[in-house]
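# here's a sequence, model it:
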Amino acid sequence: MSQQVRLGDLLGNELEVDFAEFDLTELKSVEEALRDVEAIDLAHAELLQQQSLRGADILIEYLSKVVKTVSYLESRVASIKNKVSLEYKAPDDARTTLDMKKWAAEVSPEVEAAQAKLAAAKGAKLYLEKKYDILIKSHHHFKEIATGLRRTILGYSSGAPQDKVPEGYE
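Residues are numbered from 1 along each chain as shown. Below is the predicted model of the structure:
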């Protein structure tokens with residue numbers, strides 16, 4: 001019997017994941033395989049669909065970890081700002097205003113470091129989301145090609161009148 005795999009095992013226990021260490025080797029090989037290839041027959045088009053989905057699957061795992069990290073870092077930035085703001089005292093025992101506390105929180109080196117980490121995590125999230133979108137669009141592209149090949153070469157039709165043959169495969 002196979003060992004049980006839990007979602008927590010996949011996401012990890014750390015709140016902040018080092019996304020810079022994600023291994024994208026397999027994803028890059030999928031991208032390279034899809035980049036310069038044309039679907040030459042039905043089996044090939046279906047293989048390309050599968051490869052697109054494999055790349056998307058890899059990205060989903062990494063995206064979930066990055067989303068967790070972004071959420072944690074956003075709360076961490078807010079927490080650090082609040083802490084710095086609460087602890088700020090005006091120099092020379094002058095009256096401390098709310099604006100002074102707010103300013104102190106905005107320019108704190110701790111806050112700046114946390115915001116830099118957050119910005120990097122958001123950049124990684126955007127990168128992975130865009131790659132995911134490209135792979136899903138590629139999957140649908142190859143699916144349309146496979147549908148066109150089925151209809152024209154194999155004479156297969158699902159019977160639905162709204163099925164359109166992709167352009168170039170009439």
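# for the helix or strand residue 27 falls within, what is the distance to the chain centroid?
If you go by DSSP states H and E, residue 27 is part of helix 25-35. Relative to the centre of its chain, helix 25-35 is centred 16 Å away, using C-alpha atoms, centre = their mean, to the nearest Å.
# can you check stretch 70-85 too?
Stretch 70-85 sits 23 Å away from the centroid of its parent chain (C-alpha atoms, centre = their mean).
# mind checking the pLDDT average for that stretch?
In this model, stretch 70-85 has an average pLDDT of 93.
# for stretch 140-151, same thing?
Here the average pLDDT along stretch 140-151 is 88.
# if you count neighbours, what's buried in it?
Buried residues in stretch 140-151, counted by 16 or more other C-beta atoms under 10 Å: 141-151. For glycine as for every other residue, the C-beta is placed from the backbone atoms N, C-alpha and C.
# pull out the buried residues from stretch 22-30.
Across stretch 22-30, burial judged by 16+ other C-beta under 10 Å covers 22, 24, 27, 30.
# give the contact list for the second one.
Going back to what we said before, that points to residue 24. Taking C-beta atoms under 8 Å, 6 or more residues apart in numbering, we find residue 24 in contact with residue 58.
# phi, psi of it?
The phi/psi pair for residue 24 (degrees, to the nearest 10) reads phi -100, psi 20.
# any idea how far residue 62 is from it?
8 Å (C-beta to C-beta, to the nearest Å).
# hmm, residue 78 and residue 111 touching each other?
No - the criterion here is C-beta atoms under 8 Å, and residue 111 misses it with residue 78 at 9.6 Å.
# neighbour count: those two, which is higher?
The neighbour comparison of residue 111 against residue 78 (other C-beta atoms under 10 Å) goes to residue 111, with 21 against 13.
# assign a three-state SS to the more buried one, would you?
helix (DSSP: H, G, I helix; E, B strand; the rest coil).
# give me the distance between it and residue 79.
10 Å.
# over to residue 13?
Using C-beta to C-beta, residue 13 is found at 20 Å from residue 79.
# neighbour count winner among these two?
Neighbours were counted for residue 13 and for residue 79 using other C-beta under 10 Å; residue 79 has more, 12 against 6.
# just checking, what packs against the host helix or strand of the more buried one?
Residue 79 belongs to helix 42-87 when elements are defined using DSSP H and E. Helix 42-87 sits against helix 7-11, helix 25-35, helix 98-107, helix 109-152, with contacts defined as 3 or more C-beta pairs under 8 Å, 6 or more residues apart in numbering; DSSP states H and E.
# now for the ones you listed, which one comes closest to residue 42?
helix 109-152 (4.6 Å; C-beta to C-beta).
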